[in-house]
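Undergrad: give me the fold of what follows.
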Amino acid sequence: MNTPTKQDLTESAQTLSLQGAWAAASDAWQRVTEHDPRDARAWNNLGLTLARAGHYPEAIDAFTAGMQHGLPADEVAAGTGLVFCLRQQYDVARENLEMAVASNPANLSAWSNLVISYARLGLIEKAFQAAKHVLGLDPDNLSALGSLASLCKDLGMPDEALAWARRAAEAAPDQPHLISNLIWAMLHADGINGHDMLDAGLEFDRRARASIQSWPLPFPPPTGEGGPSGPGAGLGSDTVPLQPSHPSPEHLATTRLKVGWLSGDLRNHAVGRFVIPVLEALDPRRIESVVYNTGHIDDEFSARARKASSAWHDVGGMSDAQLVALIRNDNLHLLIDLAGHTDGSRLSALARRTAPMQASWLGFPGTTGLSTIDHVFVPPDPVLLAGQWCSETPLALPGCYCVREPLAIDVAPRQPRAGGAPFTFGSLNNLAKLSPATIAVWAAILQNEPKARLILVATSGDNGVLADDLKARFAAHGADPSQLDIRGRMDYEAYRACWREIDLALDPFPFNGGTTSFDALCAGTPFVTLAGDALHSRMGRNLLEAVGLSDLIAATVEEYIVKAVTLARSPEQLARLHASLPQRLRDSVLTDVPGFARGLEALFLEIAARGTPPP
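TA: Here you go, the predicted model:
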């Protein structure tokens, strides 16, 4: 067998890098550096692929080696900055990226990651300036366009976010992930209905299914794994779905179902805090859980998830094709995607069927649009079960959308408001959810209650451009800005304590609070919500129904205002709500983890019995 040349090794490494097979690509670049240790560019590429594969210390070592062999200082600093961006250490990332652009103002990669670092650090003006600098050098730079969309969305400027996201999607009409970014922006926008979201999801499906035609065939095995084998493995055509046997109900009743969970958030994250207790409660005699972890963060929660699963695969360094090969080789009955169109999504891989049945749940409150996702799990809500808002067939979860361990309930009695203290409304949701329509309604509530205050959260607290902009938006609708109490970042204990300062929470719309509203109930704080026509705009409704508080659900903005103002003027009624909420939660399906797990097992059995849908 001929020894591969440096050109052979380089071409192989480049191909794997383009496919996003980061683990295999880093191995390939390692072989290039072994062949020619003085190749600074190879060391740089090794560092970049190691970083994307989650091997952060090794990536830094590669950039250092590249520097010793002549890698320009700006590229060393840019690569190091990328590592700390991926580690979410944005202050250190900023230092390195600022050095990179000072050394080479034309380094677009460094500028793009600097935008992200500024935004995460709350340096909004700097983030906008950096993004527009990139567009001045490259008007169709997808990273800068995406960053501007994300920035505007995070600032509660959904119309501007949509404009930037659409511009990015139009600039690269073949890239599915740009439609994911557009869909995420759409969730936050007024005037976007369920049908609009569905149309965007179908465009994602079109792009995703077109993109898989370029995948290598047969699928390459993932690094460190055996090659594809078994029923359905290595199938090249998306027009040929997996064709397992259709077991009888009697057979399924005695079969251990193999269920895959695709997520990067089975850790100390909102998704992990809901899903991990359920994984632990599933009966291992009935359900074999296989986790495909797309992330790179390990903590005490991920350790619990590992222990609760039958198998755990770290797949963050795999290409889509490698991921599909691995999942198919596991011969699942059902794969559940927990990311949807959020960061780290692998929906594009699921465009080529990985399991007889595929479903979406929890991480993304909307339709995926993907024709190979068969079901979306929803609460038992007639509007959602009608399915007008989704491409999938909706299936009702047992009693509610998600559950939490009873230990999350704050049972300490609430202290009555001190005499003369202002009534306190509040929302601890991300600023991104404060749509223009939400602010207009909340401003009307404050005008009706001029002595009340409203607690909100912004990255920099009550100082800086974010707070000034927020106050100006409320003032534009006639509210007194002095009624706003804008808090900065809080640790978990301060966050929990803040909920207990709030007499009545206000749920934003159209994108309701999910985890945040659950936290409010756990703290004994009721909230008012406006019910919409899709999953993301009916989260509040379903939480309140689960604890018997349907009276707090509004059908119109006028009704929302009346309900909030009426409760603010009814201290005895509100005190009864505060006192009853802990017991309401304990008695509800929202904290019945074992019961939810039993219902989920029955749902999995029902899905498995349906077999593979037609192509």
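Undergrad: from here on, contacts and neighbour counts on C-alpha atoms
TA: OK.
Undergrad: where does the prediction get shaky in the stretch 251-400 of the chain?
TA: 251, 253 (pLDDT under 70).
Undergrad: show me where the stretch 501-615 of the chain has its helices.
TA: Applying DSSP state H, counting those that start in this stretch to the stretch 501-615 of the chain gives helices spanning 515-522, 539-546, 557-568, 571-587, 593-610.
Undergrad: which one of those helices lies nearest to Ile486?
TA: helix 515-522 (16.7 Å; Cα to Cα).
Undergrad: can you list the low-confidence ranges for the stretch 451-600 of the chain?
TA: 460.
Undergrad: of all the helices of the stretch 501-615 of the chain, which lies closest to Asn44?
TA: helix 515-522 (40.3 Å).
Undergrad: the closest one versus helix 571-587: what angle between them?
TA: The directions of helix 515-522 and helix 571-587 differ by 110 degrees, with axes from the mean of the first three to the mean of the last three Cα atoms, to 10 degrees as the criterion.
Undergrad: ranges for the helices of the stretch 351-500 of the chain?
TA: Using DSSP H, counting those that start in this stretch, helices in the stretch 351-500 of the chain cover 382-385, 436-448, 465-475, 492-499.
Undergrad: quick one on the thing from earlier: closest one to Ala505 among the helices of the stretch 501-615 of the chain?
TA: Here helix 515-522 is closest among these (Cα to Cα), at 7.4 Å.
Undergrad: what's the closest one in contact with?
TA: 270, 408-410, 428-429, 496, 499, 505, 507, 526-527, 540, 543, 581-582, 585 (Cα atoms under 8 Å, 6 or more residues apart in numbering).
Undergrad: list the buried residues in that helix.
TA: Thr516, Ser517, Phe518, Asp519, Ala520, Leu521, Cys522 (16 or more other Cα atoms under 10 Å).
Undergrad: need the max-distance pair from those.
TA: The span of the buried residues of helix 515-522, defined through Cα to Cα, is set by Thr516 and Cys522 at 9.8 Å.
Undergrad: tell me where the stretch 101-250 of the chain has helices.
TA: 108-120, 124-137, 142-154, 158-171, 176-187, 194-211, 249-253.
Undergrad: save those as a markdown table, and put in distance to Asp61 too.
TA: Shown next, in a markdown table, are those (distance: least, Cα to Cα, whole Å):
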| stretch | distance to Asp61 |
| --- | --- |
| helix 108-120 | 19 |
| helix 124-137 | 28 |
| helix 142-154 | 26 |
| helix 158-171 | 34 |
| helix 176-187 | 31 |
| helix 194-211 | 34 |
| helix 249-253 | 51 |
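Undergrad: need the ones you listed in CSV (columns: distance to Ala73 and mean neighbour count).
TA: What follows is these, written out as CSV (distance: least, Cα to Cα, whole Å; neighbours: other Cα atoms under 10 Å):
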stretch, distance to Ala73, mean neighbour count
helix 108-120, 12, 24
helix 124-137, 20, 18
helix 142-154, 22, 24
helix 158-171, 30, 22
helix 176-187, 32, 24
helix 194-211, 36, 20
helix 249-253, 61, 13
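Undergrad: which one of these has the lowest average pLDDT?
TA: Lowest mean pLDDT within those: helix 249-253, at a mean of 69.
Undergrad: past it, which element shows up next along the chain?
TA: Helices and strands here follow DSSP states H and E; after helix 249-253, the next one along the chain is strand 257-263.
Undergrad: which SSE is immediately downstream of that following strand?
TA: Sequence order places helix 270-281 as the next helix or strand after strand 257-263, per DSSP H and E.
Undergrad: angle of that following helix against strand 257-263?
TA: Interaxial angle of helix 270-281 relative to strand 257-263 (the same axes, to 10 degrees): 160 degrees.
Undergrad: got the buried residues for helix 270-281?
TA: By 16+ other Cα under 10 Å, the buried positions in helix 270-281 come out as Val271, Gly272, Arg273, Phe274, Val275, Ile276, Pro277, Val278, Leu279, Glu280, Ala281.
Undergrad: related to what we said a few turns ago, would you mind finding the most buried of the helices of the stretch 351-500 of the chain?
TA: Mean neighbours per residue, mean count of other Cα atoms under 10 Å, is largest over the helices of the stretch 351-500 of the chain for helix 436-448, with a mean of 20.
Undergrad: and stretch 436-444, how far from the chain's centre?
TA: How far stretch 436-444 lies from its chain's middle: 26 Å, per Cα atoms, centre = their mean, to the nearest Å.
Undergrad: kindly export that stretch (C-alpha atoms) in PDB.
TA: C-alpha atoms of stretch 436-444 as PDB (Å, rounded to 0.1, in the frame of the first residue of the first chain):
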ATOM      1  CA  PRO A 436     -43.500  45.700  21.200                       C
ATOM      2  CA  ALA A 437     -47.000  44.400  21.900                       C
ATOM      3  CA  THR A 438     -46.000  43.100  25.300                       C
ATOM      4  CA  ILE A 439     -44.500  46.400  26.300                       C
ATOM      5  CA  ALA A 440     -47.500  48.300  25.100                       C
ATOM      6  CA  VAL A 441     -49.800  46.200  27.300                       C
ATOM      7  CA  TRP A 442     -47.500  46.300  30.300                       C
ATOM      8  CA  ALA A 443     -47.300  50.100  30.000                       C
ATOM      9  CA  ALA A 444     -51.100  50.200  30.000                       C
END
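Undergrad: which residues does it contact?
TA: Outside stretch 436-444, the residues touching it (Cα under 8 Å, 6+ apart) are 156-157, 190, 473-475, 477-479, 506, 508-509, 557, 561.
Undergrad: go again using 7 Å as the cut-off
TA: The contact list for stretch 436-444 (Cα atoms under 7 Å, 6 or more residues apart in numbering) reads Asp190, Phe474, His477, Gly478, Ala479, Pro508, Phe509, Val557, Ile561.
Undergrad: wait, which of those is closest to Met357?
TA: For these, the minimum distance to Met357 (Cα to Cα) is 32.5 Å, reached by Phe509.
Undergrad: hmm, the closest one is touching Ser537, no?
TA: Yes. With contact taken as Cα atoms under 7 Å, Phe509 and Ser537 are classed as touching, separated by 6.5 Å.
Undergrad: quick one: the strands in the stretch 201-350 of the chain?
TA: In the stretch 201-350 of the chain, the strands defined using DSSP state E, counting those that start in this stretch lie at 257-263, 287-293, 311-314, 334-337.
Undergrad: export the helices of the stretch 351-500 of the chain to a markdown table and tack on distance to Gln483?
TA: Shown next, in a markdown table, are the helices of the stretch 351-500 of the chain (distance: least, Cα to Cα, whole Å):
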| stretch | distance to Gln483 |
| --- | --- |
| helix 382-385 | 37 |
| helix 436-448 | 8 |
| helix 465-475 | 9 |
| helix 492-499 | 17 |
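Undergrad: so which of these comes closest to Leu135?
TA: That would be helix 465-475 among the helices of the stretch 351-500 of the chain, by Cα to Cα, at 22.8 Å.
Undergrad: Ala93 contacts Arg87, correct?
TA: No. In this structure, Ala93 is not within contact of Arg87 by Cα under 7 Å, at 9.0 Å.
Undergrad: so the two - more neighbours on which side?
TA: Neighbour count, other Cα atoms under 10 Å: between Ala93 and Arg87, Ala93 has more, with 27 against 16.
Undergrad: residues contacting the more buried one?
TA: Gly81, Leu82, Phe84, Cys85, Ser117.
Undergrad: could you list which of the residues you listed belong to helices?
TA: Among the contacts of Ala93, the members found in helices (DSSP state H) are Gly81, Leu82, Phe84, Cys85, Ser117.
Undergrad: which one of these has the most neighbours?
TA: Counting neighbours by other Cα under 10 Å, Leu82 leads those with 31 neighbours.
Undergrad: confidence score at that residue?
TA: As predicted, Leu82 sits at a pLDDT of 97.
Undergrad: if you drop the residues flanking it in sequence, what lies closest to Ile327?
TA: Spatial nearest neighbour of Ile327, excluding adjacent residues (Cα to Cα, 6 or more residues apart in numbering): Thr354 at 5.9 Å.
Undergrad: quick check on that neighbour: phi, psi?
TA: Torsion angles at Thr354 (phi, psi; degrees, to the nearest 10) stand at phi -100, psi -20.
Undergrad: can you name the residues that contact it?
TA: Contacts of Thr354 (Cα under 7 Å, 6+ apart): Val324, Ile327, Arg328.
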